[in-house]
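Participant: I would like the atomic coordinates for the input below:
(one chain, ligands or ions: 1)
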Amino acid sequence: MALRFFNTLSRSVQDFVPLQPDAKRAGLYCCGPTVHDFAHIGNFRTFVFTDLVRRCLEFKGYAVRHVMNITDVEDKIIQRVAETKASLREYTAKYEAAFFEDFQALGCLRPHETPRATDCIADIISLIGKLMERGMAYRATDGSVYFSIEKYQARGGRYGQLLKLNFEEMRPGQRVSSDEYAKEAVADFALWKARVPADGPVFWPSPWGEGRPGWHIECSAMSMKLLGPSFDLHMGGEDLIFPHHEDEIAQSEGAGLQAPRQPFVKYWLHGAHLLAEGKKMSKSLGNYFTVRDLLAKGFTGREIRYLLLTAHYRETFNFTLEGLQGARTALGRLDECLGKLREAAAGATAPPDESLLQQFTAALDDDFNVSAAWGAIFEWVRNNNRLAVSGGMRPEQAAAGLAAWQKIVSVLGLVPIESAGIPPPCLALLEQRETARKAKDFKRADALRDQLKSEGWIIEDTPKGARLKRF
Ligand SMILES: [Zn+2]
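Facilitator: Numbering: from 1, shown residues only. The predicted structure follows:
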């Protein structure tokens, strides 16, 4: 079955057919973090979902090129730079590093490219230049450059592809900020913001005077630079649909770089909002969680990831600390079952259990239906537990289950961080050593320890259990 999901562009669930179907390649862009502070759990819902989509595509045999930008220049950053007296790069480097630590703690695969806006100023200026040449942009009296929606539409551009817009409702005052008084029409948006005193040292030269790029143009410039003028998938949180993504389409298609009848992006995928403890996250309500807050409370990245992956991406999800406790219990059941399977397999190998794999892939193919996927996994856990109790688990059967699980876990990305990169046979040996120790069979436990050592791994006993470390 083909992978299908909800394309915001067509407002319907569609089969995924990449722009180059024969090549089995997929270009994926996701709007990345603004590095002005630690990212919160709502931001990470989008990144974990994007990681799931990438892993699903890779599992289905696509060579995915995953790009995520780093927004390292915008109003809040400039304000903080002025307050802290740090340089822009000094200030953002701290939050960028923290972001990737959290990203990794949640088991997200690092995108192939993570361009920073400030490293792509030349590409941004060149794209604005193309829009100026084509008459889609204008320099206003304040020195800023704006995109003209009217001129874009006059030349056949379609504004409102992602969201049906009512221009009548866009009254002046609602959308016009004080620094954008010079633009010709209310809906026009800044491509290049002229330097103002409050920008301090944060500005770059351009053909239109000193200033800095607008946020929307960053994503158009960076995505097209790294994925080409037309690419397969663009992702982000639903709050970015308008104006950010709509404006990205206008700029990118307005520059006219696509081949005839090719869109900027074929599929737009948006993840829904996240509530925390039933409410919109807010620092004053005490329900504002960063990943590091949750790690400090003793939860693991794997538990957080699991919880985020239990809800369908198009549903608003209520993230709670109670939910994290539930995640811990569920993962405990799963890990216990995997331990029993490793014991029962006793080193046997077998091809993956196709029935489990089929149920799992069918669920994810159906608009990333994670509930059905978890349903199949926990049904399998229950069956395994029944067999283990009755003593009816054959080694080949256990090995087939483990082989299927290896594939499933490559998509879900729920590998414990401490076991990441450790070959499954070594994990099985560790498991057997633990069992031997519990049974007070120290001779066997020592023999297994020596066997692991000969494979290049030493055992580290920690309060959380035994771990393997490279020797
Ligand atoms: Zn973006």
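Participant: now do the strands in the stretch 151-300 of the chain.
Facilitator: 189-194, 211-213, 231-237, 265-271, 274-276 (DSSP state E, counting those that start in this stretch).
Participant: got CSV for those strands, with mean pLDDT and distance to the ion too?
Facilitator: Glycine gets a C-beta too; all of them are placed from N, C-alpha and C. As requested, these are arranged in CSV below (pLDDT from 0 to 100; distance: least, Cβ to the ion, whole Å):
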stretch, mean pLDDT, distance to the ion
strand 189-194, 97, 13
strand 211-213, 98, 12
strand 231-237, 98, 6
strand 265-271, 98, 11
strand 274-276, 97, 19
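Participant: make JSON lines out of those and add mean neighbour count.
Facilitator: Below are those laid out as JSON lines (neighbours: other Cβ atoms under 10 Å):
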{"stretch": "strand 189-194", "mean neighbour count": "25"}
{"stretch": "strand 211-213", "mean neighbour count": "24"}
{"stretch": "strand 231-237", "mean neighbour count": "24"}
{"stretch": "strand 265-271", "mean neighbour count": "24"}
{"stretch": "strand 274-276", "mean neighbour count": "20"}
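Participant: so can I have a markdown table of those strands showing distance to Gly391?
Facilitator: Output for the strands of the stretch 151-300 of the chain, formatted as a markdown table (distance: least, Cβ to Cβ, whole Å):
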| stretch | distance to Gly391 |
| --- | --- |
| strand 189-194 | 68 |
| strand 211-213 | 66 |
| strand 231-237 | 47 |
| strand 265-271 | 45 |
| strand 274-276 | 44 |
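Participant: before we move on, which element is Phe103 in?
Facilitator: Element membership for Phe103, per DSSP states H and E: helix 88-105.
Participant: avg pLDDT for the next helix-or-strand element following that helix?
Facilitator: For helix 88-105, the following helix or strand on the C-terminal side (DSSP H and E) is helix 121-133. Averaged over helix 121-133, pLDDT sits at 98.
Participant: so which elements touch helix 121-133?
Facilitator: Contact here means 3 or more Cβ pairs under 8 Å, 6 or more residues apart in numbering; DSSP states H and E; on that basis helix 121-133 packs against strand 137-139, strand 145-147, strand 189-194, strand 211-213, helix 215-227, helix 246-254.
Participant: what about it, near the ion?
Facilitator: No: contact of helix 121-133 with the ion is not found when judged by Cβ under 5 Å from the ion; the minimum separation is 12.6 Å.
Participant: quick one: that helix to strand 189-194, angle?
Facilitator: Using axes from the mean of the first three to the mean of the last three Cα atoms, to 10 degrees, the inter-axis angle of helix 121-133 relative to strand 189-194 is 120 degrees.
Participant: contact partners of helix 121-133?
Facilitator: For helix 121-133, the surrounding residues in contact (Cβ atoms under 8 Å, 6 or more residues apart in numbering) are 117, 137-139, 145, 147, 191-192, 204, 206-208, 213, 217-218, 220-222, 224-225, 251, 254-257.
Participant: kindly recompute the last result at 10 Å.
Facilitator: Helix 121-133 is contacted from outside by 73, 115, 117-118, 120, 136-139, 145-148, 151-152, 191-192, 204-208, 212-214, 217-218, 220-222, 224-226, 250-252, 254-257, using Cβ atoms under 10 Å, 6 or more residues apart in numbering.
Participant: of those, buried ones?
Facilitator: 73, 115, 117-118, 120, 136-139, 145-148, 151-152, 191-192, 204, 206, 208, 212-214, 217-218, 220-222, 224-226, 250-252, 254-255, 257 (16 or more other Cβ atoms under 10 Å).
Participant: quick check: residues of this protein near the ion?
Facilitator: Within reach of the ion by Cβ under 5 Å from the ion, the chain has these residues: 31, 219.
Participant: pLDDT below threshold where in the chain?
Facilitator: Along the chain, the model assigns pLDDT under 70 to residues 166-180, 416-421, 424, 463-464.
Participant: buried set for the strand or helix carrying Leu338?
Facilitator: Following DSSP H and E, one finds Leu338 within helix 321-345. Along helix 321-345, these residues count as buried under the neighbour rule (16+ other Cβ under 10 Å): 323-324, 327-328, 330-331, 334, 337-345.
Participant: do the same with stretch 81-91
Facilitator: 81, 88, 91.
Participant: what's the answer for stretch 105-121, then?
Facilitator: 105-108, 111, 113-118, 120-121.
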